[in-house]
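[1] Sequence first, predicted model second:
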Amino acid sequence: MRKSKVIVICPGRGSYTRESIGFINKYGSNVKNKITKFDEYRKSRGYTIISELDKMAFKSKIHMKGENAAPLIFSCSKLDFDQINKKKYEIIAIAGNSMGWYTSLNLASSLNDKDAFHMIQNMGSMMKDELIGGQIIYPIINENWEIKKEYQQHLLKLIKRHDAYLSIDFGGYYVIGGKLKSLKLIIKELPKIDKYPLEVPYNGAFHTPLMKDISKKALKFSESLDFQKPDIPMVDGNGNIWTPFSTNLSLLKNYTLKEQVENSFNFSASIETCLKEFCPEKVILLGPGNSLGGSIAQIMIKINWLSIKSKNDFLEMQSDNPYILSMSLDGQRKLII
């Protein structure tokens, strides 16, 4: 049987929400045993174990904090990845949004399970006592999911005027990072659109120069991490491809623990590269939540991928023969495993 060529996308830590509770525990015991080593790691360091967090009643102050949210979403993504039917699908590239880049490193075998979890737990815990800055989200699209240049330009001017930063280019949205006083000034000037501008709870000013001290700490603890060339091509937050043959391990470590920590993460560029350079037959989204689906659809509309020009075009395609398959949606999940 001919395999369908797919790219796999790993979510950031914000994907684990109230609706995600039980995502891990719905797996049978054989699958859940795969995260036993992660539970043992956390227990030895005084953290609530992953499988217990996934059973608890959702509390923002617990589940959305970095020291819990990051390892939770990593565990969900890893379990999902292992469930992909490898006889049916050939994975030709892996990418991720924000923290999803760390997950990509593990799934592509650039970091083993122990090192990947150690890195993710440490990166998620570095601001557990006090956050540095924050993030807000604001749309740059119209009701048809078309990205509007005038929206982008207006938002970028506001960001510059108030000494903030473009943290993540996320399809039809900009994630803005900066000091809290800068974000408050920006919020005051932005017109209200539905729930936006949305302050992201328990997030620091990720992917901005405010993270320089964090990257210094990361590079220090990373000395024990054993980076390897990936088995599967990875696409980073600049839209660059790291291949099994050409990857420079020193540059990969520096990008992972310094460059993308201190600079904007361009998820839009990453997805555009995935589509144009690998031409996948399907896109598989890992983990709970489905926010990445809308973002990827908006990027598809921007580049007119598969002749998709609007929100309605995308929704029609998804209802007839879904191009994006999400592990969080039962009907689509059945097509993947």
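    Cool, the structure landed. Just so you know, these numbers come straight off a predicted model, no measurement behind them.
[2] C-alpha from now on. contacts and neighbour counts both.
    OK.
[3] burial count for Y174?
    20 (other C-alpha atoms under 10 Å).
[4] so it makes contact with Q135?
    No: taking contacts as C-alpha atoms under 8 Å, Y174 lies outside contact range of Q135: 10.0 Å.
[5] Touching both of those two, which residues are there?
    S167 (C-alpha atoms under 8 Å, 6 or more residues apart in numbering).
[6] mind listing what I284 touches?
    6-9, 324-327, 336.
[7] I meant to write Q332 there.
    325-326.
[8] buried stuff in the particular helix or strand that has it in it?
    Following DSSP states H and E, one finds Q332 within helix 330-336. Neighbour-count burial for helix 330-336 flags 333, 336 (criterion: 16 or more other C-alpha atoms under 10 Å).
[9] by contact count, what packs against the helix or strand hosting K5?
    K5 belongs to strand 4-10 when elements are defined using DSSP H and E. For strand 4-10, the packing partners by 3 or more C-alpha pairs under 8 Å, 6 or more residues apart in numbering; DSSP states H and E come out as strand 89-96, helix 100-107, strand 282-285.
[10] show me the contacts for the closest residue to I299 other than its chain neighbours.
    Nearest residue to I299 in three dimensions, chain neighbours excluded: G171, at 5.3 Å (C-alpha to C-alpha, 6 or more residues apart in numbering). By C-alpha under 8 Å, 6+ apart, G171 lies in contact with 267-268, 295-299.
[11] ok, 6 Å please
    268, 295, 298-299 (C-alpha atoms under 6 Å, 6 or more residues apart in numbering).
[12] Mean confidence (pLDDT) on the longest helix anywhere in the chain, please.
    The longest helix of the chain (DSSP state H) is helix 66-83. Across helix 66-83, the average pLDDT comes to 95.
[13] Stretch 8-24 too?
    92.
[14] Pull up the distance across it, start to finish.
    19 Å (C-alpha to C-alpha, to the nearest Å).
[15] Also stretch 217-236?
    21 Å.
[16] Break the protein down into its domains, please.
    4-127+210-336, 134-205 (automatic domain parsing).
[17] Of the contacts of G171 - the most surrounded one?
    Most crowded among the contacts of G171, counting by other C-alpha under 10 Å, is Q298 at 27 neighbours.
[18] tilt between the helix or strand harbouring it and strand 4-10?
    Following DSSP H and E, one finds Q298 within helix 291-302. Helix 291-302 runs at 120 degrees relative to strand 4-10, counting by axes from the mean of the first three to the mean of the last three C-alpha atoms, to 10 degrees.
[19] I would like the C-alpha coordinates for helix 291-302, written out in PDB, please.
    In PDB, the C-alpha atoms belonging to helix 291-302 read as follows (Å, rounded to 0.1, in the frame of the first residue of the first chain):
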ATOM      1  CA  SER A 291      -5.900  26.400  17.500                       C
ATOM      2  CA  LEU A 292      -3.100  25.400  15.200                       C
ATOM      3  CA  GLY A 293      -5.700  24.200  12.600                       C
ATOM      4  CA  GLY A 294      -7.100  27.700  12.100                       C
ATOM      5  CA  SER A 295      -3.600  29.300  12.000                       C
ATOM      6  CA  ILE A 296      -2.400  26.900   9.400                       C
ATOM      7  CA  ALA A 297      -5.600  27.500   7.300                       C
ATOM      8  CA  GLN A 298      -4.900  31.200   7.400                       C
ATOM      9  CA  ILE A 299      -1.400  30.600   6.100                       C
ATOM     10  CA  MET A 300      -2.800  28.400   3.400                       C
ATOM     11  CA  ILE A 301      -5.100  31.200   2.400                       C
ATOM     12  CA  LYS A 302      -2.200  33.700   2.400                       C
END
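[20] Go ahead and name everything in contact with the helix or strand just after it.
    As assigned by DSSP H and E, the chain's next helix or strand after helix 291-302 is helix 311-320. Contact partners of helix 311-320, identified using C-alpha under 6 Å, 6+ apart, comprise 144-145.
[21] coming back round to it: can you give me the angle the helix holding Q298 makes with helix 311-320?
    120 degrees.
[22] and helix 291-302, average pLDDT?
    The model assigns helix 291-302 a mean pLDDT of 96.
[23] related to what we said a few turns ago, could you work out the most separated pair of the contacts of G171?
    By the measure C-alpha to C-alpha, S268 and Q298 form the most distant pair in those, at 9.0 Å.
[24] Out of the helices and strands packed on strand 4-10, which is closest to V261?
    Taking C-alpha to C-alpha, helix 100-107 is the member of those nearest to V261, at 10.9 Å.
[25] Can you show me the CA trace of the next helix or strand after the closest one as CSV?
    Next in sequence after helix 100-107, counting helices and strands by DSSP H and E, comes helix 113-125. The C-alpha trace of helix 113-125 is given here as CSV (Å, rounded to 0.1, in the frame of the first residue of the first chain):
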residue,chain,number,x,y,z
ASP,A,113,13.4,11.2,25.7
LYS,A,114,15.5,11.8,28.8
ASP,A,115,17.3,14.9,27.4
ALA,A,116,14.2,16.3,25.8
PHE,A,117,12.1,16.1,28.9
HIS,A,118,14.9,17.5,31.0
MET,A,119,15.2,20.5,28.7
ILE,A,120,11.4,21.0,28.5
GLN,A,121,11.0,20.8,32.3
ASN,A,122,13.8,23.2,32.9
MET,A,123,12.8,25.7,30.3
GLY,A,124,9.2,25.6,31.6
SER,A,125,10.3,26.1,35.2
